[in-house]
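Asker: next input, structure requested:
(one chain, ligands or ions: 1)
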Amino acid sequence: MEITGKISEVREQVKEWRRQGLSVGLVPTMGYLHEGHKSLITRAVAENDRVVVSVFVNPMQFGPTEDLESYPRDMDRDAALCEEAGASLIFHPEPSEMYHEDFSSFVDMNTLTGGLCGKTRPIHFRGVCTVVSKLFNIVVPDRAYFGQKDAQQLAVIRHMVSDLNFGIEIVGCPIIREEDGLAKSSRNTYLNEEERKAALILNKALTEGRKLVESGEKDADAVRRVITDKINTEPLAKIDYVEVVDWNTLETVEKIDGPILAAIAVYIGKTRLIDNFIVE
Ligand code: AMP
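Answerer: Numbering: from 1, shown residues only. Sure thing, here's the model as predicted:
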């Protein structure tokens, strides 16, 4: 497995693979990799001849008060995990390699990005769409792998690929959890012992919400209420949002009569965690 920070070297490598008739998968990440990321890489390795993992903490998707500087990083560990999962190449650029001084083009979206995480993170999806477009143009993969953990991001990327004719298959992968149910996240490392216990409330609340939907509840407000009430039993938890939306349009639903996404963002202390479930 190779590691490079140079766009030109990625292009050269992929060109060589293409010459050999090999298929290429891409797994975009911000690093500090865990079993969630690994499940994406493993799937990509199973479905493609070669897999590129990008490790890039993208400054453009962080707001001015967010955790860009403190975001955890450990390239040696990431490299070991990628190697073990069977990746062929890690692309780990410096911000200056991705954004030249005179950088001034953006990919933005009018729908899908205003609600859910877009409300508290107004510039986030512009940053995500721009960097993922760049990665797609640099690697030009056959398939790219995204986790359902970031469900809004998955929907946004699918929509962008359709809008802009990227010709790349987007593969959504299930949420990987800790044994006690907490969704794996690089940001879990911010939690102290007490907060780590309190964070279990996200999955507990979603489990109650899912049970209600699966028992046939059609009133989305009833589902929101059950999830909200459960989260509010945890003193360390502060709700950012609890939403039930149409899984295709991400618009709020009143009556559940098609595929829905129930998504939550909750502060545990200072750490903002997200989780969700989808009922198709
Ligand atoms: P990140 O490094 O947080 O930007 O995540 C990179 C990719 O890994 C995204 O597509 C995430 O949705 C995915 N991912 C992160 N955590 C998980 C998880 N617990 N289960 C599945 N996929 C995940």
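
Asker: show me what from the protein comes close to the ligand.
Answerer: Applying C-beta under 6 Å from any ligand atom, we find that the chain lies next to the ligand at 29-30, 36-37, 39-40, 146-147, 149-150, 173, 175-176, 183-186. C-betas here are computed from N, CA, C, even on glycine.

Asker: switch the cut-off to 5 Å
Answerer: Contact residues of the chain with respect to the ligand, defined by C-beta under 5 Å from any ligand atom, are listed as 29, 30, 36, 37, 146, 147, 149, 150, 175, 176, 183, 184.

Asker: restricted to strands, list those.
Answerer: 29, 146, 147 (DSSP state E).

Asker: ok, which pair from the residues of the chain next to the ligand is furthest apart?
Answerer: The two members of those with the most space between them (C-beta to C-beta) are 30 and 175, at 16.8 Å.

Asker: ok, residue 28 - contacts?
Answerer: 54, 56, 131, 132, 135, 144, 146 (C-beta atoms under 8 Å, 6 or more residues apart in numbering).

Asker: can you list those residues in a markdown table and add secondary structure?
Answerer: Compiled in a markdown table, those are given as follows (DSSP: H, G, I helix; E, B strand; the rest coil):
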| residue | secondary structure |
| --- | --- |
| 54 | strand |
| 56 | coil |
| 131 | helix |
| 132 | helix |
| 135 | helix |
| 144 | strand |
| 146 | strand |
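
Asker: what about the strands in the chain?
Answerer: 2-4, 24-29, 50-55, 89-91, 143-147, 169-173, 237-246, 260-268, 271-279.

Asker: angle of the second one against strand 50-55?
Answerer: Which is strand 24-29. 20 degrees (axes from the mean of the first three to the mean of the last three C-alpha atoms, to 10 degrees).

Asker: neighbour-wise, which of the contacts of residue 28 leads?
Answerer: With neighbours set by other C-beta atoms under 10 Å, the maximum within the contacts of residue 28 is found at residue 132, which has 27 neighbours.

Asker: that one contacts residue 164, doesn't it?
Answerer: No - applying C-beta atoms under 8 Å, one finds residue 132 not in contact with residue 164, separated by 10.6 Å.
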